[in-house]
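>>> Need coordinates for the following:
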Amino acid sequence: MNLSSSRMIQHSLPRRLLHNHSGVVSIALFFVFCCVVFSLITSNFLTGTNWLNIIRQSAPLLIVATAMTLVITTGGIDLSVGSTLALVGALSAIALNSWGLPWPVVLLGGLLLGGFVGAINGFFIAYEGIPAFIVTLATLAVVRGIALLVTQGYSIPVPADSLFTFIGRAWVVGIPMPALLGILILLIGHIVLNHMRFGRYVTAIGANAEARGAAALTPKRSP
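The predicted model follows:
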C-alpha cells in the first residue's frame, strides 16, 4: 500500500461520517459549541454536579424521544406527545394525592391513558386518512385543555413517600435513577427498531413506499 492510498483511507472515514451521518454530526458539533459557550459564561457548567443535574432533567425527554423515533421512522409526526405527558403526569399525581390509589394502579392507568390518546391519533391517521400533523395538532389542543381544566393551571405535588418520588430522587452507583431508566428505554428502543421484525416493519412503512405496497404492508395491518 503506497502513501497516497493510506491518505485516501484516512480521509475517507471522516468523509463517510459526514456523508452518511451528517445530521448526527451537525447535532454533535452544535452540542459541543453550546458546551463551550456555556462553560465560558459560567464556571459551574462543567462541574460534575451540574452535569448530573442535566442528565436527571433530560431523562424524561430521552424516554419520549425514543418513542418519537419510532413515530418519525414511519414518516409520521406526533405533536401531542408533550400535552399527553402533562395530562398523564397531572392525573397520576391527583390519583396518588386525592384518590389514594396505589402506585401500581396509577402507573398502569397512566400507560393506558397515554396509549388511549395514541390509539385515537392512530385511528384518524390510518383509517380516516387525515394527515398526522393535523390530527396530532388537534389532539394537542384538546389534551392540553383537559390538563389545564383538571389542574386549574396549578402544579400537583407528588407525595414524598411515593415510589415516583423515590425513582425521581434515587441514585445508583452515583448516577441518577431517571438517567438509568432513560438509558434502559433507549436500549430497548434500539433493539426493537434494529433487531426485531416490528422494527423492520416500522422502517419499511416510512422508508420505502414501493416495497411497502408490494408487501401489502399498511399502517392498518399489524405485522
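
>>> Measure how buried residue 31 is and give me the count.
Other residues near residue 31 come to 10 when the count uses other Cβ atoms under 10 Å. C-beta here means a position set from N, CA and C on the backbone, and glycine is covered the same way.

>>> for residue 137, same thing?
Neighbour tally, residue 137, other Cβ under 10 Å: 15.

>>> Distance from the helix or strand hosting it to the middle of the chain?
Using DSSP states H and E, residue 137 falls within helix 132-151. Chain-centre distance of helix 132-151: 18 Å, with Cα atoms, centre = their mean, to the nearest Å.

>>> Can you tell me what sits against it?
76-80, 82-84, 86-87, 90-91, 94, 117, 120-121, 124-125 (Cβ atoms under 8 Å, 6 or more residues apart in numbering).

>>> Tell me where the protein has helices.
3-20, 22-41, 48-73, 81-97, 103-126, 132-151, 163-169, 177-195, 197-207, 209-214 (DSSP state H).

>>> So what's the gap between the fifth one and the chain middle?
Shown here is helix 103-126, whose average C-alpha point lies 15 Å from the average C-alpha point of the whole chain (Cα atoms, centre = their mean).

>>> tell me the domain ranges of this structure?
Annotated domains of the chain cover 1-52, 59-214 [automatic domain parsing].

>>> I'd like to know which of the helices of the chain lies nearest to residue 157.
helix 81-97 (6.9 Å; Cβ to Cβ).

>>> quick one on the thing from earlier: pick the most deeply packed of the helices of the chain.
Among the helices of the chain, helix 81-97 has the highest mean neighbour count (mean count of other Cβ atoms under 10 Å), at a mean of 19.
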